[in-house]
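> just need the structure, nothing else, for what follows:
(chains A and B)
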Number of protein chains: 2
Amino acid sequence: MTASPTLLSQQVCFGGSLEFYQHSSNTCNSTMKFAVYQPPQARSEVVPVLYFLSGLTCSDENFMIKAGAQRYAADHGLMLVAPDTSPRNTGIPQEAEEWDLGSGASFYVNATQEPWAAHYQMYSYITEELPALMEEHFPVRADRQGIFGHSMGGHGALICALRNRDRFRSVSAFAPIAAPSQSPWGQKAFSHYLGTDAEAWKAYDASELVLTAGYNRPILIDQGTADPFLSKGQLQLDLFEAACTQAGQPLTLRRQGGYDHSYYFIATFMGDHIQHHAAVLCR
Amino acid sequence: MTASPTLLSQQVCFGGSLEFYQHSSNTCNSTMKFAVYQPPQARSEVVPVLYFLSGLTCSDENFMIKAGAQRYAADHGLMLVAPDTSPRNTGIPQEAEEWDLGSGASFYVNATQEPWAAHYQMYSYITEELPALMEEHFPVRADRQGIFGHSMGGHGALICALRNRDRFRSVSAFAPIAAPSQSPWGQKAFSHYLGTDAEAWKAYDASELVLTAGYNRPILIDQGTADPFLSKGQLQLDLFEAACTQAGQPLTLRRQGGYDHSYYFIATFMGDHIQHHAAVLCR
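Below you'll find the predicted structure:
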């Protein structure tokens, strides 16, 4: 049993209902926020659900404001859920000091190190507590769940799916941090959240996980060729591609000419990603 | 001849190019900013152009980030232009004191009163200087121009089209301030920009202009029934509707159940509005 989330605001959008919530998370031991888009179909039936994990510095709002996904979700009858990117206002002193650590930068792991471990349990939050809440309080089908995300959230989507193939039946990503152990962003976050022994990082690194996950269902990734974080070594798509090849994991990695890391890139290919998920979840 | 605008940023979006510019405006005697979305078709041909005027507090960015119009513009081969909602940093002391007057709140009029008159000449900027700049520096068809907008910008689009039917061959609006002389927002702005003699306001009031404009081409307006500014008397769609009936002006006014005043409302009906313009401009 999970407590009912508190509705903060509600707006009609593409015939459905866009809703912002907060709730008391047992997993993160803090208040958490998330956004839900209920398609028109959810008024009369249970519908598949698709989770979107956002990138560094984002909140539960960016995706719903900028990605243009509601139109496609309404077409397909998919519920969209966009959680916040971290706990906030936890009382951890260092929480808001750096934009790539703490608030807005959870990296979707279960922290084992102090001072983070008491609150930064986002992996369990995304894979267990939030789905349980959705199943209990919203008209969603537990057997039709997918996950996708952008950048840090693309990493989060990949690790959540690879480790939970029975829960997340479809997965895709926009410009994910695809080998965080080899990325300056990932190395910084993992060393603070998980400690300096890189062996502990493998459980949260998609390029490691894919080698043994046996996920097998097709993965779709779009990556802009003009993405400045690609050339800075933050994303490491080549490593993930090689790991998929080695593991026999089906991967469609599209290098999109001229696109950058922004929501203009995400919006452009959103329709393709929703279609990728709907093909599995809405059959 | 107009000076070339300065490109501030450029991003690929839906196969076209989203560009932010600034330039020195002779009309407003200040630096002005605007955003342009060039559809893929503009690389090889001159294309129709559609201006979007934003509402109170918005800048040249809101529309391109939130409205989801680029997808439809790319489909139809329409160039989109989103000017800023006022001059800024003019040195007028009161410019930034109130959110509904001065910066972000030009109401798209030519101010006659001090201290505004030296810079707040947005009506001439939108109907003359900016189109001239677009025709000179971008691959647009001068004979295929349309205009639309939201709230204060819906008012702006209506008055610009009604007074310039030869330039703006199509017009539509989302939740426009459709009778500003009867609206608290409009009365405040007009009294400061145009003086307290309401006779001078008629040239910028769509519900007055439509009586004699002879625009005749169909006008499309969407209005959410849950829009809080409708019930507060800011928008006055009923007055505009009655004036159109009196004048024999074709109007499709759609009252959309449950929708509010936000960009979620705008995004929902953006496809219909682009279609309305494309039917005229892209034949």
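> could you find the closest non-adjacent residue to A:Ile219?
A:Leu251 (4.9 Å; Cβ to Cβ, 6 or more residues apart in numbering or on different chains). Any C-beta I mention is one placed from the backbone N, CA and C, and that applies to glycine too.
> which ones are touching the one you found?
A:Pro218, A:Ile219, A:Ile221, A:Phe240, A:Glu241, A:Cys244, A:Thr245 (Cβ atoms under 8 Å, 6 or more residues apart in numbering or on different chains).
> show me the strands in the stretch 1-150 of chain A, by range?
A:6-13, A:16-25, A:30-38, A:47-53, A:79-83, A:140-150 (DSSP state E, counting those that start in this stretch).
> circling back: per-residue pLDDT, the residue nearest to A:Ile219?
Per-residue confidence at A:Leu251 stands at 98 (pLDDT).
> related to what we said a few turns ago, distance to A:Tyr204 and mean neighbour count added to the strands of the stretch 1-150 of chain A, as TSV?
Below are those laid out as TSV (distance: least, Cβ to Cβ, whole Å; neighbours: other Cβ atoms under 10 Å in any protein chain shown):
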stretch	distance to A:Tyr204	mean neighbour count
strand A:6-13	30	16
strand A:16-25	19	19
strand A:30-38	20	22
strand A:47-53	13	27
strand A:79-83	17	26
strand A:140-150	14	23
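> so for B:Ala96, which of the ones you listed sits nearest?
strand A:6-13 (27.9 Å; Cβ to Cβ).
> what's next to that closest one, contact-wise?
A:17-23, A:33, A:37, A:70, B:224, B:226, B:257-260, B:262, B:264-265, B:267-268.
> repeat for stretch A:88-107
Taking Cβ under 8 Å, 6+ apart as the rule, stretch A:88-107 contacts A:29-31, A:33, A:56-59, A:85-87, A:115-116, A:118-120, A:122, A:152, A:155-156, A:180, A:185-186, A:188-190, A:192-193, A:204.
> returning to that earlier point: can you list the strands of the stretch 1-150 of chain A in TSV and add mean pLDDT?
Output for the strands of the stretch 1-150 of chain A, formatted as TSV (pLDDT from 0 to 100):
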stretch	mean pLDDT
strand A:6-13	98
strand A:16-25	98
strand A:30-38	98
strand A:47-53	98
strand A:79-83	98
strand A:140-150	97
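> can you say which of the ones you listed is nearest to B:Gln275?
strand A:6-13 (19.0 Å).
> sheet partners, orientation included, of that closest one?
strand A:16-25 (antiparallel) (DSSP bridges).
> contacts for the partner strand?
A:2-12, A:30-40, A:42, A:60-61, A:64, A:70, A:73-74, A:87, A:125, A:129, A:133, B:264.
> hmm, back to that, B:Leu162 is nearest to which of the strands of the stretch 1-150 of chain A?
strand A:6-13 (30.0 Å).
> just the buried residues of stretch A:227-235, please?
By 16 or more other Cβ atoms under 10 Å in any protein chain shown, the buried positions in stretch A:227-235 come out as A:Asp227, A:Phe229, A:Leu230, A:Gln234, A:Leu235.
> ok, how many other residues are close to the nearest residue to A:Leu56 once chain neighbours are set aside?
Spatial nearest neighbour of A:Leu56, excluding adjacent residues (Cβ to Cβ, 6+ apart): A:Met152 at 4.9 Å. Other residues near A:Met152 number 30, with proximity taken as other Cβ atoms under 10 Å in any protein chain shown.
> wait, A:Tyr120 sits on A:Ala111?
Yes - using Cβ atoms under 8 Å, A:Tyr120 and A:Ala111 qualify as a contacting pair, with a distance of 3.9 Å.
> how far away is the residue nearest to A:Tyr51 when sequence neighbours are not counted from A:Thr57?
Distance criterion Cβ to Cβ, 6+ apart; nearest residue to A:Tyr51, sequence neighbours excluded, is A:Ile147 at 4.4 Å. Distance, A:Ile147 to A:Thr57, using Cβ to Cβ, to the nearest Å: 20 Å.
> for the stretch 1-150 of chain A, which residues are neighbours of chain B?
A:Gln11, A:Val12, A:Cys13, A:Phe14, A:Gly15, A:Leu18, A:Ile65, A:Lys66, A:Gly68, A:Gln70, A:Arg71 (Cβ under 8 Å from any Cβ of the partner chain).
> include distance to A:Cys160 when you put the residues you listed into CSV, please.
Converted to CSV, the residues of the stretch 1-150 of chain A next to chain B look like this (distance: Cβ to Cβ, whole Å):
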residue, distance to A:Cys160
A:Gln11, 28
A:Val12, 30
A:Cys13, 26
A:Phe14, 26
A:Gly15, 29
A:Leu18, 23
A:Ile65, 23
A:Lys66, 22
A:Gly68, 23
A:Gln70, 22
A:Arg71, 25
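> which pair in those residues spans the largest distance?
Among these, A:Gly15 and A:Lys66 lie farthest apart (Cβ to Cβ), at 20.0 Å.
> ok, and the closest non-adjacent residue to A:Ser106?
Nearest one to A:Ser106, counting by Cβ to Cβ, 6+ apart, is A:Ser86 at 3.7 Å.
> all helices of the stretch 51-200 of chain A, in order?
A:62-66, A:70-76, A:122-124, A:130-137, A:152-163, A:184-194 (DSSP state H, counting those that start in this stretch).
> brilliant, that's me finished.
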